[in-house]
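Asker: A structural model of the following input is requested.
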Amino acid sequence: MENITKEIFSQRLKEEIKAKYKNIKEFAATIEHKNISVFTSGIRLPGTILLNKFALAGIDIHYLITGEKIDMEINDRKLAELEKELKELKAEIYDLKKVNEKLIDEKNKLIFENVTINKVINKKLNSS
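Answerer: Residues are numbered from 1 along each chain as shown. Sure, this is the predicted structure:
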């Protein structure tokens, strides 16, 4: 892995911004940072909190740091698969909650019946 310089980082950042945003201003507004020019001009390198904001805004921080592009198509497919799986799991959870509610209702009915039977038995025992 190459030693990253501020200049190389700023060049890659500008490439990423240009590919994903209308301009630097739009990107700065997205990550809620007013002085993005210190990073795009090579004056400073961002810290971890700001790098996280870059990533959340769709910037490939792996590329910024290493110069290696991540195949986003593969990531998009994986994301779609995971979203489908999540949807299926949510449906299963919903179904399980319904089954659980029915079981609780049945349990409560059985408890009520048991209490009623015990009252009848106690009455018969006490009347004998």
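Asker: distance-wise, check the closest residue to residue 55 other than its chain neighbours relative to residue 71.
Answerer: Excluding its sequence neighbours, the residue lying closest to residue 55 (CB to CB, 6 or more residues apart in numbering) is residue 61, at 4.9 Å. Where C-beta positions appear, they are placed from N, C-alpha and C, glycine not excepted. As judged by CB to CB, to the nearest Å, residue 61 and residue 71 stand 15 Å apart.
Asker: quick one, which of the two is more surrounded?
Answerer: Between residue 61 and residue 71, counting by other CB atoms under 10 Å, residue 61 is the more crowded of the two (20 against 8).
Asker: what's the longest helix in this structure?
Answerer: Ranked by residue count and defined by DSSP state H, the top helix of the chain is helix 72-127.
Asker: chain center to that one, what's the gap?
Answerer: 27 Å (CA atoms, centre = their mean, to the nearest Å).
Asker: residues touching residue 42, list them.
Answerer: By CB atoms under 8 Å, 6 or more residues apart in numbering, the residues touching residue 42 are 5-7, 9-11.
Asker: how about the secondary structure of it?
Answerer: Applying DSSP: H, G, I helix; E, B strand; the rest coil to residue 42 yields a three-state assignment of coil.
Asker: can you list the domains in this protein?
Answerer: 6-70, 71-128 (automatic domain parsing).
Asker: and residue 16, what does it touch?
Answerer: By CB under 8 Å, 6+ apart, residue 16 lies in contact with 59-60, 63-64.
Asker: how about these in a markdown table, adding pLDDT?
Answerer: Output for the contacts of residue 16, formatted as a markdown table (pLDDT from 0 to 100):
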| residue | pLDDT |
| --- | --- |
| 59 | 93 |
| 60 | 92 |
| 63 | 92 |
| 64 | 93 |
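Asker: which of those sits closest to residue 46?
Answerer: Each of the contacts of residue 16 was scored against residue 46 by CB to CB, and residue 64 proved nearest at 8.9 Å.
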